Structures are given as structure tokens and as C-alpha cells.
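Visitor: missing the sequence, but the structure's below:
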């Protein structure tokens, strides 16, 4: 979805790196996360201050190869090292389908997947993953277990103003995870960052990344820094971007158009239903709007029990079943972010499916 916009930017996001640069493992000897490129760190802080979606003051920035590596790093960092059993990792269903897979992939003795946070009743330490806006259903989330032995990790990958309204109070949690792919569309850059309040947790996260990959690609960081700065420039220096919309204005308008197209298709079909989202005023844009998530959480009606198979086998629509998200197979998750021609094909096929 974002490809056309970045093409319009031309050479504004081009980065040229001579072959002799960035040979060393090290980026900043003085930084706790010593492989974090200062230019990337400053671009992250600048963007958060522009949007107002997260506190960056008195936070340590830890960079990772996508939010997946950061998620693994933070589990390692916050899990007790001397516990008699692995700490439970939970998230309220429907939860991000990769959480269980990533948590249990290494069969760690430190932590294990504990399932739906709404069903967690043990009077023991736990880690709760709070994804807001949530993947897959797009709803805003808060912690649900609320016991004093809990450690909270806030995954805010989609907390950007093209997807949801930004609160007047920036997010101020102990551990917050973000990713380049969801904010800019550059999934192939494989870069994410964490804003961490506690120094020891940030040190242990850094230790995990050092042991697993000896740092993070400098080329990816420099490219991401350039892109994030151009995003900020497009809002703060409008005179330089007369022929191109500011990034969040463009992406908001595109998401609004796609969600209207999607709701029109569902209304025409009458065989599906979509979540309803509350309206909120965005402190960044001043707009009042309902969330328009990066994924559609689609429910098959009319007694269809396996929505994934129904769409795939009969209409060649690829979707991910709700069972992977700890939910009913009557639901599926489908991306709203493909290229325009693919999205048009998808909504066209959806609209053609009727109860008859």
C-alpha cells in the first residue's frame, strides 16, 4: 500500500553508503545499546515527539531486527533467572498469532506460553502482552490480568495516526515496542525499536541481541533513519513537499478509503460482519474518526464454521483462521495493506459472495 507514496518521494529517501563505512560492529561506545546508530535513535525520538504517541524522555532505546527479535529479547530480560518453573506469558484473545509460536519456539526454561490472559487465574508471576491497537481485531487494549506479580509489555506497533486516533497523553509504559514495517510500510528493512524505562532490562535486552546476532544491521538503521526523518519533514517542512501529501495525511486518507470500500463490500454481500470501532479525536491530526486497522477481522455468518476454508476453497481468498489467534474459526484475519489492484480484487470477490 505504501509503495506508491514512497515512489512519489523520488530521491528524498535515497541513502548512499560508501563501501568503507560501517565496517565495525560498534556504533556508539557511550550508548547502553552500543550497536544503535545515533542517527536512527534521533529520528525515532523526533517522530514520536511529532506524533505524540509515546514518551521518549528518560527512556533507553533498544534496536532490534524487527519487533520479533525485540519480543524475544524482552522475554529474556524480564523473566526471573532463578525461578523454579518458567514464567507464564499471556495475552488476551484474540491475540497476535505469532506470540505463542515465538514464545515456545526455543523451549526456554525461563518462560512459556500461558494462553489467553482473560483465563489466567494463577496466583503466580506472569508476563502480559498488551497489543494496542490489537492484532488481529484492531481494538484498543489495556491489561486484563491486573495482579501485582505481573510484568507488562506493550506492543504498540499499530499506534500511529493512519490506523487509530492518538490520545492527548503520550503512551507512558515501562516497555513499549514499535516497528518500522507498521509505521512506514518498510517490512523488508527488518527493524524495530523498544522504549525501555528500566536500565537493567534494557541492558539484558541488549545482551540477548548481542548473543543472537551481535547487533543490528547499520545499513537498515541508516535507511530507516532517512525514511523516518522524511516522514517528519513532510509534516514540519511542507514547503519542500509541495507535490506530495504529508505522510500521515496520505496514509490516513488511503486507509479511510479502503475501509469504506471494505464496509461497502461486506454490506453488499450480507454474508459477513466486521467489528465496530468507537470514534476518538486524534491529538495529532485533530480529526475525529473510528479506527481503521491494518487488518480486517472478518466473521463469516450464515452458519459457516470454517471461514478460512470457505473463502480459500470457493473464492480463492487467502485468509488466516481465527483459531491461530486463540479465537473461533468463524473469524479470519486479512491484510488491508496490499497493493491497490490486489485489494480491489479482494473487495470485489467479497462483494460477490452472497447467501444464495
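Guide: That came through, no problem. Just so you know, these numbers come straight off a predicted model, no measurement behind them. Residues are numbered from 1 along each chain as shown.
Visitor: Please, where are all the helices along the protein?
Guide: For the chain, the helices identified by DSSP state H occupy 3-8, 38-51, 66-78, 98-105, 180-184, 199-213, 218-236, 247-269, 307-315, 340-352, in order along the chain.
Visitor: quick one: residue 199 and residue 32 touch, right?
Guide: Yes - with contact defined as Cβ atoms under 8 Å, residue 199 reaches residue 32; the gap is 6.9 Å. C-beta here means a position set from N, CA and C on the backbone, and glycine is covered the same way.
Visitor: and residue 85, what are its phi and psi?
Guide: Backbone dihedrals for residue 85, given as degrees, to the nearest 10, come out at phi -150, psi 160.
Visitor: And it, how far from residue 76?
Guide: Using Cβ to Cβ, to the nearest Å, residue 85 is found at 16 Å from residue 76.
Visitor: which neighbours do residue 199 and residue 32 share?
Guide: Jointly contacting residue 199 and residue 32 under the rule Cβ atoms under 8 Å, 6 or more residues apart in numbering are residue 60.
Visitor: Neighbour count: those two, which is higher?
Guide: Under the neighbour definition other Cβ atoms under 10 Å, residue 199 and residue 32 were set side by side, and residue 32 has more, 15 against 10.
Visitor: what's the distance between that one and residue 58?
Guide: 13 Å.
Visitor: quick one: contacts for the residue most central in space within the chain?
Guide: Centroid-nearest residue in the chain: residue 157, 2.5 Å away (criterion: Cα atoms, centre = their mean). Contacts for residue 157 were tallied using Cβ under 8 Å, 6+ apart; they are 67, 131, 135, 177, 178, 179, 181, 182, 183, 192.
Visitor: can you list the weak-confidence ranges in the protein?
Guide: Low-confidence regions of the chain, defined here as pLDDT under 70, cover residues 356.
Visitor: same thing but at 80, please
Guide: Where the chain drops to pLDDT under 80, the residues are 355-356.
Visitor: Would you mind naming the residues that bridge with residue 175?
Guide: In this structure, residue 175 bridges to residue 196 when assessed by DSSP bridges.
Visitor: How many residues are close by it?
Guide: Neighbour count for residue 175, taken as other Cβ under 10 Å: 25.
Visitor: For residue 193, see how far away it is.
Guide: Residue 175 sits 12 Å away from residue 193, taking Cβ to Cβ as the criterion.
Visitor: go on, residue 105?
Guide: Computed as Cβ to Cβ, the residue 105 to residue 193 distance reads 22 Å.
Visitor: For these two, indicate the residue with more neighbours.
Guide: Using other Cβ under 10 Å, the more surrounded residue of residue 105 and residue 193 is residue 193, with 25 against 11.
Visitor: so who does the more buried one touch?
Guide: 40, 44, 61, 62, 63, 64, 70, 177, 178, 179.
Visitor: Distance to residue 20 for these - can I get that in CSV?
Guide: Conversion of those to CSV gives the following (distance: Cβ to Cβ, whole Å):
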residue, distance to residue 20
40, 20
44, 26
61, 27
62, 28
63, 23
64, 26
70, 30
177, 34
178, 31
179, 30
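Visitor: Which two among those residues are spaced furthest apart?
Guide: Put simply, by Cβ to Cβ the two of those set farthest apart are 40 and 177, 15.7 Å from each other.
Visitor: follow-up on the earlier one: residue 85 and residue 76: which has the busier surroundings?
Guide: When neighbours are counted by other Cβ under 10 Å, residue 76 comes out ahead of the other of residue 85 and residue 76, with 21 against 11.
Visitor: Surely residue 183 and residue 160 touch.
Guide: Yes - with contacts defined as Cβ under 8 Å, residue 183 counts as touching residue 160 at a distance of 5.2 Å.
Visitor: of these two, who's got more company?
Guide: Neighbour tally, residue 183 and residue 160, criterion other Cβ under 10 Å: the higher count belongs to residue 183, 27 against 24.
Visitor: quick one: contacts for that one?
Guide: 47, 157, 160, 228, 231 are the contacts of residue 183 under Cβ under 8 Å, 6+ apart.
Visitor: Mind putting these into a markdown table with distance to residue 167?
Guide: Listed next are those as a markdown table, based on distance: Cβ to Cβ, whole Å:
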| residue | distance to residue 167 |
| --- | --- |
| 47 | 17 |
| 157 | 16 |
| 160 | 13 |
| 228 | 21 |
| 231 | 20 |
